[in-house]
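In: Build the 3D model from these lines:
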Amino acid sequence: MASFDIDGDLVRKLADLLRETGLSEIEFAEGEKRIRVTRPTAAQAVAVHAPVAAAPAPIAAAAPAGKPASHPGAVTSPMVGTAYAAPEPGSAPFVRVGDTVKAGQTVLIIEAMKVMNPIKAPRGGTVSEIFISDGQPVEFGEVLMIIE
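Out: Numbering: from 1, shown residues only. Next up is the predicted model:
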């Protein structure tokens, strides 16, 4: 078995990159060597979702066939996972249609690989449409909501 020397400087650089970008996980690969650095998020501490027995209730009416991905206020999913509208089951959603949000405010959580990732509003404004329902699987790049 080949030995694997850990590059402490690389780990520190990756950790700094996590802090700068707000990501919760990063992986670096070079040949056969892989280094994964993760950090807990505030959402992990407060958002523990149990499986839902009943079908989740939609937050807003179903989106029209052509979701406005090019809309300047479109909030898109940065990953594949399960979207949650509230910090925990049974609590009020982070936002509803008509709510005013500030840039950087958490509007959803996406669970990916058992990590709860807060999705922040990229800009301030009013939530005009929500295209997902609580507990719904989402794809990378999928439009989640519109903030006008």
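In: Break this protein into its domains for me.
Out: What automatic domain parsing lists as the domains of the chain is 8-39, 71-147.
In: Where does pLDDT dip in the protein?
Out: 1-5, 39-67 (pLDDT under 70).
In: quick one, helices of it?
Out: 8-21, 42-46 (DSSP state H).
In: ok, how many other residues are close to residue 68?
Out: Residue 68: 14 surrounding residues under other C-beta atoms under 10 Å. Heads up, the C-betas are built off the backbone N, CA and C, glycines and all.
In: go on, the one 3 residues further on?
Out: The local packing of residue 71 (other C-beta under 10 Å) involves 14 other residues.
In: so what's residue 121 up against?
Out: 75, 101-107, 147 (C-beta atoms under 8 Å, 6 or more residues apart in numbering).
In: out of the domains of the chain, deepest packed?
Out: domain 71-147 (a mean of 17; mean count of other C-beta atoms under 10 Å).
In: Quick check: end-to-end length of that one?
Out: 9 Å (C-alpha to C-alpha, to the nearest Å).
In: Also stretch 114-125?
Out: End-to-end distance (C-alpha to C-alpha), stretch 114-125: 30 Å.
In: Tell me who's in contact with residue 17.
Out: Residue 17 touches 23, 26, counting by C-beta under 8 Å, 6+ apart.
In: which residues in the protein form strands?
Out: Applying DSSP state E to the chain gives strands spanning 25-30, 33-38, 74-76, 81-84, 100-101, 106-112, 115-120, 125-130, 136-138, 143-147.
In: mind putting those strands in TSV, distance to residue 7 included?
Out: Listed next are those as TSV, based on distance: least, C-beta to C-beta, whole Å:
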stretch	distance to residue 7
strand 25-30	9
strand 33-38	8
strand 74-76	34
strand 81-84	30
strand 100-101	40
strand 106-112	26
strand 115-120	24
strand 125-130	43
strand 136-138	35
strand 143-147	37
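In: Nearest approach to residue 6 belongs to which of those strands?
Out: Closest to residue 6 of the strands of the chain is strand 33-38 (C-beta to C-beta; 7.5 Å).
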